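>>> Structure here, sequence nowhere to be found:
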């Protein structure tokens with residue numbers, strides 16, 4: 001019977017050491033826990049940021065009159081592009097953890113079914129135990145044993 005040693009990488013360590021790779025690269029794998037924490041955290045930061053910029057520029061009051069402040073539009077556009085890229089990278093890493101191509105992201109373009117499939121498989125199903133063709137297990141399972 002094979003035994004597995006599990007090495008947990010604390011979220012704080014991931015934030016401090018590897019946040020650029022996690023958020024801006026589609027290579028590698030990411031655990032479900034880190035996927036959820038990064039997704040919710042980034043969404044919260046962007047939501048608060050857009051709310052603050054919208055309030056500071058008066059965008060929400062002007063929208064009722066049919067006016068749209070250009071500064072808010074620019075900030076919003078940059079935020080949406082950045083948030084979309086981060087989302088693509090995080091979901092691709094989850095597909096990699098499931099031993100599937102990051103191109104599975106495109107399944108999201110199938111109405112209802114694609115979103116539901118991605119939500120269940122990337123958000124709730126465990127990744128491949130041990131290394132796969134996309135890299136070592138983010139849980140540290142199945143790596144080469146340390147003999148000495």
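Perfect, I can see it now. What you see is a predicted model; the values in this text were computed from it and never measured.

>>> Quickly find the element holding the nearest residue to residue 75 once chain neighbours are set aside.
Sequence neighbours aside, residue 53 is the residue nearest to residue 75 in space, at 4.9 Å (criterion: C-beta to C-beta, 6 or more residues apart in numbering). C-betas here are computed from N, CA, C, even on glycine. Using DSSP states H and E, residue 53 sits in helix 32-57.

>>> List the buried residues of stretch 113-128.
118, 122, 127-128 (16 or more other C-beta atoms under 10 Å).

>>> How many neighbouring residues does residue 38 have?
22 (other C-beta atoms under 10 Å).

>>> show me what contacts the closest residue to it other than its chain neighbours?
Closest residue to residue 38 apart from its sequence neighbours, by C-beta to C-beta, 6+ apart: residue 90 at 5.8 Å. Residues near residue 90 by C-beta atoms under 8 Å, 6 or more residues apart in numbering: 22-23, 30, 35, 38-39.

>>> Now for the buried residues of stretch 113-128: which two are most distant?
Spatial extent of these (C-beta to C-beta) is set by the pair 118 and 128 at 17.0 Å.

>>> show me where the chain has helices.
For the chain, the helices defined by DSSP state H cover 11-24, 32-57, 59-64, 70-97, 113-124.

>>> how much space between the residue positioned nearest the centre of the chain and residue 37?
Nearest residue to the geometric centre of the chain (C-alpha atoms, centre = their mean): residue 90, 2.8 Å. In this view, residue 90 and residue 37 are 10 Å apart by C-beta to C-beta, to the nearest Å.

>>> For residue 31, grab the count of nearby residues.
20.
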